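Q: coordinates only, sequence not included:
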């Protein structure tokens, strides 16, 4: 099979990225159901055929947007790098919390957070695919870090509960949105390092209590 010239491949990659970004911005504002392929093509300055060429369909494009949105938060490679580092397990947890808080408190918020918030608050049939292909591998790495901290073995339901308890505050900050009044907005206005330290200490206290109970 003849390979496309390097210049053509680069142009194709740029077109794909432009479509993905344009779709992400529109999905973030109007949602999947209300965003047409025609609107995406117009924003990306391509024809609808280009969407089908690169993503197969509007559904395939939305799935790609969800994957990209989650990878904007943290990639599987990022998590593997954190887990494989020589740092103590507690430091690894703090690095991960810090990365998520940085995204949650960034100004302005990227479209990827709005897309994920819409999908989590009103799940579509695409969420299961996102979980299987993207979330599950990432969660397995985080569970490994938590297991190193608590000495609770992988597969123990207590470790899964620890994951939920540690992730929930970060998730609230990520999907709550800057326009949500009350404690979430107040927390986002606090210094980033203070928020990271609080969530880290709060998580550490809970993990230590569960580890003591488990052992």
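A: Cool, the structure landed. Predicted model, so just to flag it, every value in this text is computed and none were measured.
Q: can you give me the helices in this structure?
A: Assigned by DSSP state H, the chain shows helices spanning 6-34, 37-44, 48-55, 58-73, 76-84, 89-105, 111-121, 126-130, 136-150, 157-176, 183-188, 192-214.
Q: ok, now how distant is residue 148 from residue 89?
A: Distance from residue 148 to residue 89, counting by Cβ to Cβ, to the nearest Å: 4 Å. Every residue, glycine included, has its C-beta placed from N, CA and C.
Q: now do residue 16
A: 38 Å.
Q: same deal with residue 21?
A: Between residue 21 and residue 89 the computed distance is 36 Å (Cβ to Cβ).
Q: picking up where we left off before, make TSV out of the helices of the chain and add mean neighbour count.
A: TSV is the format used below for those (neighbours: other Cβ atoms under 10 Å):
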stretch	mean neighbour count
helix 6-34	16
helix 37-44	18
helix 48-55	17
helix 58-73	20
helix 76-84	15
helix 89-105	19
helix 111-121	19
helix 126-130	15
helix 136-150	17
helix 157-176	17
helix 183-188	15
helix 192-214	15
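Q: Using a markdown table, lay out those together with mean pLDDT.
A: Listed next are the helices of the chain as a markdown table, based on pLDDT from 0 to 100:
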| stretch | mean pLDDT |
| --- | --- |
| helix 6-34 | 88 |
| helix 37-44 | 96 |
| helix 48-55 | 96 |
| helix 58-73 | 95 |
| helix 76-84 | 95 |
| helix 89-105 | 94 |
| helix 111-121 | 91 |
| helix 126-130 | 90 |
| helix 136-150 | 96 |
| helix 157-176 | 93 |
| helix 183-188 | 87 |
| helix 192-214 | 95 |
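Q: Cool, thanks, talk later.
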